[in-house]
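Novice: Only the shape, not the letters, is given here:
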């Protein structure tokens, strides 16, 4: 049932494109699943991919286009005329169609909209274009099945059939009143199990979760996840049913959110991919490196304050990368746990309890690591007891402070509505480097005296 | 429509539990959504939560239990008798029921199974218990609607109705032959739009995606995401339809996978949460810290090899945390992009092209950062030209090498079927610390001579 793309197959397709053997190409690609064709296009050059898109009918290519990475899709669309893009748009659901059109240049946008033959479709798209991309209005599609509460079930079967033609997947049938206000829903299960002579008013479920067009996308994702919804209706300011959001849009959103936290922790500030241009990758990465460099200057200055140690205790400086690394690692661990707990919504209880637990945990870990460091410094590296003790004591202190910073900062950011993921990665490692050095040399100076 | 849990409300619930005012409690919680009650239980003590679970009827509590964090659920179940657990299990879908039973102690497991009144349900659970947790068999539920290809649509409406009673959400109706083999599916849309006198054989879709019981969970997730499926049927070794997997199980799986990569990058090796015990958190975190500590010993040794620099160029040691931090940050950025691209399946093309691009990118970034470092070292910190130049040159080299390691290692791990996420976080920062120091002092020794 599943399809593995072999190198030989790609080469064959490339050969057929070169030969312009449309018949053979169609016989290979015609019956293939759109997701598989999208994977094939990914391996072809832009011109080859454009050739395939122009060859296949737009019912199929509209679906293929939605499977392709956004950057590749934009390049492909640049090779199509406004008329050709309009043919693709015609076949798409309104939410996908709107996404595509919003990414076109201004001129092309209007040209494509003018070329749409289905005026209702065009109107729906124009309506959706008005909403903020990160709101329920920006996520929703206009395609849905709605029935009037005053109809009978048998009486509206015809109506439902006609509406269902336009809907890719039917999750629920929404019930509205004469003014178009959302009243409830009818599940497909109800429709199967209801006696055929029932009225809609008798069987519909009044209690229905919904969001309004201005609900932020994160909130929509949270509600759909919490209540395990596969689709949620969207109402306008006066309660009229205007669209629905399905779970597949939310899956992408959830995945993107998790990816964003991860990238943030790795010091990458935009959603980039290995296939992006050097310029895009630089823009996402360089700011964090500059931040780290300036943090580094501070660390150099801190170390410079303890220059007097160079004379008799120069080897202390051998240990600074170790101390900085431990501070960084502990800080990242602590902050990652907090950031994930915030994202999952499982962070509860008081901040003091949380900090106390983190300290307890890290005193435990710190003592164990300090013993290892003591043994290492004394036996392996041959430093005397006092020096090994000094370094070990510094390590415990650094670990505790680093974990407190890693726990405290994201909680505080979150409290002031700033993305706590900012506090992971380069930010936390850099500040912990600096504090780590201060503590390390401070303790060493106090005990050893230099 | 949505429900915000206030502190006052929790206190009220706690008071009512203390007073054992069951009537008031039921009037507050009776009509509430199970996901909301789960959120309330999260704020209560274990004894209070147990009280609520015992109070509400098992149709509701079965759903509540599935919303609660796994650890909390296990503790709650320990407070229930085998009979009470069996009542909960009775109300659950077979996939959830199996998950719960598998986590019980051996004695309790058999006791609960014996207490199940619905023998079919018990048999289904016992069947599901045999499959590997991370296979399609371990993910699937037995609840589904199936019809025989030889039936007529009207003739099987009754049958479908009866089956639908047991299925929480109907995604599709599966079509089987007389031997139980999966032949195709009937979408609910088809059911609405098909003429009522049609036969199933005339309208069903033969081309249906499916997996078999032994398909690994990752593969199931990949297929469902790629083909945008909301449910997928599962067949046994001889093609008989034995269950189905729905998209909500896959959402959890996707989220967990993304979280796992993130945790790995933060040096956390098990799926932990801020609310886990200190022991669980230590087990997930300490191994990485020990790894980093031993990496630190190597770094100390490396620095020690350049002890001769202490006499005339001691201030070079002020720069080691800066160099190590830059190497670590660049390495983590590079590896994170590769790991995410692998996870999303968007990594294509040759490894050499990828490395070349990464080098190009980092020469660019490196030059800019080196210029900043040169200015900083010369003007701010007052080192002479040659020293500032040496440190800057070392920085560019370190950045390029760190990015190559960060790109190369995860690609290689993935090629040998090892989780590439292993190469992010402490592993990459530690090894880049060491290489960074070697390069830094190597270049400094060559230019400055000590």
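Specialist: Sure thing, it's come through. Not measured: the values here are computed from a predicted model. Numbers count the residues shown, from 1 in each chain, chains lettered A, B, ... in the order given.

Novice: Tell me the helices and strands packed up against the longest helix along chain A.
Specialist: Longest helix in chain A by number of residues (criterion: DSSP state H): helix A:385-415. The contact analysis (3 or more C-beta pairs under 8 Å, 6 or more residues apart in numbering or on different chains; DSSP states H and E) places helix A:385-415 against helix A:320-344, helix A:351-375, helix A:426-448. Every residue, glycine included, has its C-beta placed from N, CA and C.

Novice: remind me which residues of chain A are low pLDDT?
Specialist: Along chain A, segments meeting pLDDT under 70 span A:1-4, A:168, A:188-189, A:192, A:196, A:345-349.

Novice: buried residues in the longest helix of chain A?
Specialist: A:387-411, A:413-414 (16 or more other C-beta atoms under 10 Å in any protein chain shown).

Novice: follow-up on the earlier one: for residue B:300, which of the helices and strands packed on helix A:385-415 is the nearest?
Specialist: Checking the helices and strands packed on helix A:385-415 against residue B:300 by C-beta to C-beta gives helix A:320-344 as the closest, at 5.8 Å.

Novice: from the chain's centre, how far out does that closest one sit?
Specialist: In terms of C-alpha atoms, centre = their mean, to the nearest Å, the centre of helix A:320-344 is set 21 Å apart from its chain centre.

Novice: ok, the closest residue to residue A:116 other than its chain neighbours - how many residues close by?
Specialist: Counting by C-beta to C-beta, 6 or more residues apart in numbering or on different chains, residue A:116 lies nearest to residue A:122, which is 4.2 Å off, once chain neighbours are set aside. By the criterion of other C-beta atoms under 10 Å in any protein chain shown, residue A:122 has 21 neighbours.

Novice: Show me what the helix or strand residue A:122 falls within is packed against.
Specialist: Element membership of residue A:122 [criterion: DSSP states H and E] is helix A:119-129. Counting contacts by 3+ C-beta pairs under 8 Å, 6+ apart, helix A:119-129 packs against helix A:82-91, helix A:94-102, helix A:106-115.

Novice: what do you get if the cut-off is 6 Å, keeping everything else the same?
Specialist: Here helix A:119-129 touches helix A:94-102, going by 3 or more C-beta pairs under 6 Å, 6 or more residues apart in numbering or on different chains; DSSP states H and E.

Novice: List the buried residues of the helix it packs on.
Specialist: A:94-101.

Novice: Repeat that for stretch A:276-283.
Specialist: A:276, A:281-282.

Novice: Quickly note the distance from the residue nearest the centre of chain A to residue B:47.
Specialist: By C-alpha atoms, centre = their mean, chain A has its centre lying nearest to residue A:256, at 1.1 Å. Residue A:256 sits 40 Å away from residue B:47, going by C-beta to C-beta, to the nearest Å.

Novice: Next up, the contacts around residue A:289.
Specialist: By C-beta atoms under 6 Å, 6 or more residues apart in numbering or on different chains, the contact list for residue A:289 reads residue B:369.

Novice: let's go with 8 Å and repeat that
Specialist: A:267, A:426, B:326, B:329-330, B:333, B:365, B:369 (C-beta atoms under 8 Å, 6 or more residues apart in numbering or on different chains).
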